[in-house]
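*Asks:* kindly generate the corresponding structure for this input.
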Amino acid sequence: MSIYVGNLSYEVKEDDLRQVFAEYGTVKNVQLPIDRETGRMRGFGFVEMESDAQETAAIEALDTAEWMGRSLKVNKAKPKTEGGSSGGRRGGDGGSSGRY
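*Replies:* Alright, predicted model coming up:
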């Protein structure tokens, strides 16, 4: 399982995040998604720890904590769903059918 870390400063680097989470255990992986259009960080990331207990400790300690001038949002990451955006398109099409 991985941890979602939101409301990150756009200045944060993988090593910065790794150091913060290392206080709660062994960090296996850190990901900071980059916006394809702007090339800058998207303001959130994912951290994978060695055990569930370490992840729980990090979440409890860091959720709403102030870091780099921001209040972090830290919780268990939700599994990525395939085609997540297609549902919105279908919903929009269904709403337009009554306009004829």
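*Asks:* dump the residue contacts of Tyr77.
*Replies:* Check again: residue 77 is Ala, not Tyr. For Ala77, the contact set (C-beta atoms under 8 Å, 6 or more residues apart in numbering) comprises 1-4, 46. Using the backbone N, CA and C atoms, a C-beta is placed for each residue, glycine as well.
*Asks:* quick check: Glu60 vs Val74, distance?
*Replies:* Distance, Glu60 to Val74, using C-beta to C-beta, to the nearest Å: 9 Å.
*Asks:* tell me the most packed of the contacts of Ala77, by neighbour count.
*Replies:* Greatest neighbour count in the contacts of Ala77, by other C-beta atoms under 10 Å, goes to Ile3: 24 neighbours.
*Asks:* run through the strands of the chain in chain order.
*Replies:* Ranges of strands in the chain, per DSSP state E, are 3-6, 27-31, 44-49, 66-67, 70-71, 73-76.
*Asks:* that older thread, out of the contacts of Ala77, the closest to Asp35 would be?
*Replies:* Taking C-beta to C-beta as the measure, Asp35 lies nearest Phe46 of the contacts of Ala77, at 15.5 Å.
*Asks:* the closest one reaches Val5, doesn't it?
*Replies:* Yes. At 7.0 Å, Phe46 and Val5 qualify as touching, with contact defined as C-beta atoms under 8 Å.
*Asks:* which of the strands of the chain sits closest to Lys13?
*Replies:* When the strands of the chain are compared by C-beta to C-beta, strand 27-31 sits nearest Lys13, at 9.3 Å.
*Asks:* each with direction, which strands does the closest one pair with?
*Replies:* Strand 27-31 sits in its sheet next to strand 44-49 (antiparallel), going by DSSP bridges.
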